[in-house]
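# got a structure for you, letters missing:
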């Protein structure tokens, strides 16, 4: 009786997954087999392996890697510092607060900060360097993306650091390990699950960024997310847009599988 009752509880969950996960994925896969004229074809998959789309894929992966790398580089020390602060819950709240603000609003704020007459260029003028083209560059795209994703990297790493038993540090120091050796052989391996979770939370959405490529990079950065937007909203080639989305989903699944299997080895 209880088993049947438990199965009944699964029905809303299965309906949700079916309607909002399986069905949309099925529609994307379905549309990917039709050309711009509505004829059934595998031509979209053939077109994807042409230089222009492969270059977009390489650009997406490259920028996603850079964003993830710099986010981790900033987030890990920040998370470690948080665990050493007295009012860490307050500081953690201050880190989370920006995520409550709409991404579009933050993007427009950075347009003002990095623009020709923005704060960044004003400081450069005062320092004697002069005005520079900061906005609408690959640098500005990576910089803003890292800012947006930092909270999603800090949280899982912070949780992993919080769970660490400090007696491991004392044992390492007693055995003569330096601070760097303690971090490399004790702290980092024990927090690797948090690092992997943070990398997934950043790398996967970074693969499909498209709004920032327009507002911050000025279309000087072309990613698969940008190509999907162009095909669906501009060229109306839904088939090619769906095909790119299929490969993007496969790339995301591959990242999750690799992370889940622990491909990142201990140092």
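Great, that's in hand. Note that the structure is a prediction, hence the values are computed from the model and not measured. Numbers count the residues shown, from 1 in each chain.
# Pull out the buried residues from stretch 194-213.
194-210, 212-213 (16 or more other Cβ atoms under 10 Å). Glycine gets a C-beta too; all of them are placed from N, C-alpha and C.
# Please enumerate the helices of the stretch 151-267 of the chain.
Secondary structure of the stretch 151-267 of the chain (DSSP state H, counting those that start in this stretch): helices at 167-174, 179-182, 188-190, 192-207, 211-215, 224-233, 238-260.
# roughly how far is the longest helix along the chain from the heart of the chain?
The longest helix of the chain (DSSP state H) is helix 51-82. Counting by Cα atoms, centre = their mean, to the nearest Å, helix 51-82 is centred 7 Å from the centre of its parent chain.
# Remind me what that helix packs against, helices and strands.
helix 88-96, helix 138-162, helix 192-207, helix 224-233, helix 238-260 (3 or more Cβ pairs under 8 Å, 6 or more residues apart in numbering; DSSP states H and E).
# what angle sits between that helix and helix 138-162?
With axes from the mean of the first three to the mean of the last three Cα atoms, to 10 degrees applied, the angle from helix 51-82 to helix 138-162 works out at 40 degrees.
# Name the residues of helix 51-82 that are buried.
So for helix 51-82, counting by 16+ other Cβ under 10 Å, buried means 53, 56-57, 59-61, 63-64, 66-68, 70-72, 74-76, 78-79, 82.
# again, but for stretch 158-171
158, 159, 160, 161, 169.
# before we move on, what about stretch 172-185?
172, 177, 182, 183.
# Same list, the residues you listed, but as JSON lines with distance to residue 257 and pLDDT please.
Output for the buried residues of stretch 172-185, formatted as JSON lines (distance: Cβ to Cβ, whole Å; pLDDT from 0 to 100):
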{"residue": "172", "distance to residue 257": "33", "pLDDT": "82"}
{"residue": "177", "distance to residue 257": "34", "pLDDT": "79"}
{"residue": "182", "distance to residue 257": "32", "pLDDT": "84"}
{"residue": "183", "distance to residue 257": "28", "pLDDT": "86"}
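# Just the endpoints, please. Distance across stretch 91-106?
Its start and end residues considered, stretch 91-106 measures 20 Å (Cα to Cα, to the nearest Å).
# To clarify, my last question referred to stretch 108-126.
24 Å.
# Mind listing residues that contact that stretch?
130, 131, 132, 133, 134, 135, 140, 143, 144, 147, 215, 216 (Cβ atoms under 8 Å, 6 or more residues apart in numbering).
# for the residues you listed, which one is nearest residue 236?
The closest of the contacts of stretch 108-126 to residue 236 turns out to be residue 215 (Cβ to Cβ; 22.8 Å).
# mind listing what's buried in stretch 21-40?
By 16+ other Cβ under 10 Å, the buried positions in stretch 21-40 come out as 28, 31, 32, 33, 34, 35.
# Looking at those residues, spot the one nearest residue 165.
residue 28 (45.6 Å).
# Spit out the contact partners of the closest one.
Neighbouring residues of residue 28 by Cβ under 8 Å, 6+ apart: 242, 245, 246, 249.
# returning to that earlier point: now the helices of the stretch 151-267 of the chain in TSV, with distance to residue 11?
Supplementary listing: the helices of the stretch 151-267 of the chain in TSV, determined by distance: least, Cβ to Cβ, whole Å:
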stretch	distance to residue 11
helix 167-174	46
helix 179-182	51
helix 188-190	40
helix 192-207	29
helix 211-215	36
helix 224-233	33
helix 238-260	26
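# between these, which one is nearest to residue 49?
Among the helices of the stretch 151-267 of the chain, helix 238-260 comes nearest to residue 49, with 9.7 Å by Cβ to Cβ.
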